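>>> no FASTA, just this:
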């Protein structure tokens, strides 16, 4: 059930949604970073929700500034911990 909700949300996700969320969390993405984050979320969301998320973040190092990478990883880990028991 949660997978269907997530897929529906991602189908409607826009770059503006990402910009707003990033700015709300003190992350300023340039256009290339925004494109990368948007495409990665759309394409790799199952990896991000599973146990292979490290691979996504290893790849991200090549596309994000060090500061943005660290902020995004920290934010991701915070939410991952907060919602880790959601599907149990």
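Looks like it came in fine. Bear in mind the structure is a predicted one, so any value in this text is a computation, not a measurement. Residues are numbered from 1 along each chain as shown.
>>> Every contact and neighbour count from this point should use C-alpha atoms.
Noted.
>>> Just the element for residue 29, please.
Under the criterion DSSP states H and E, no helix or strand holds residue 29.
>>> centre of the chain versus the helix or strand hosting residue 17, how much separation?
Assigned by DSSP H and E, residue 17 belongs to helix 15-24. The chain centroid and the centroid of helix 15-24 are separated by 11 Å under C-alpha atoms, centre = their mean, to the nearest Å.
>>> Which other helices and strands does it contact?
helix 31-49 (3 or more C-alpha pairs under 8 Å, 6 or more residues apart in numbering; DSSP states H and E).
>>> any weak-confidence spans in the protein?
Along the chain, the model assigns pLDDT under 70 to residues 1, 85-88.
>>> ok, now with 50
88 (pLDDT under 50).
>>> what's the spacing between residue 58 and residue 12?
As judged by C-alpha to C-alpha, to the nearest Å, residue 58 and residue 12 stand 26 Å apart.
>>> what's the answer for residue 66, then?
29 Å.
>>> Residue 58 and residue 12: which is more packed in?
Neighbour count, other C-alpha atoms under 10 Å: between residue 58 and residue 12, residue 58 has more, with 11 against 8.
>>> The helix or strand hosting the more buried one: which residues count as buried?
Element membership for residue 58, per DSSP H and E: helix 53-60. Buried residues in helix 53-60, counted by 16 or more other C-alpha atoms under 10 Å: 57, 60.
>>> The following helix or strand past it: how far from the chain's middle?
Going down the chain from helix 53-60, the next helix or strand is helix 66-82, by DSSP H and E. Offset of helix 66-82 from its chain centre (C-alpha atoms, centre = their mean): 9 Å.
>>> list the contacts for residue 35?
Counting by C-alpha atoms under 8 Å, 6 or more residues apart in numbering, residue 35 makes contact with residue 15.
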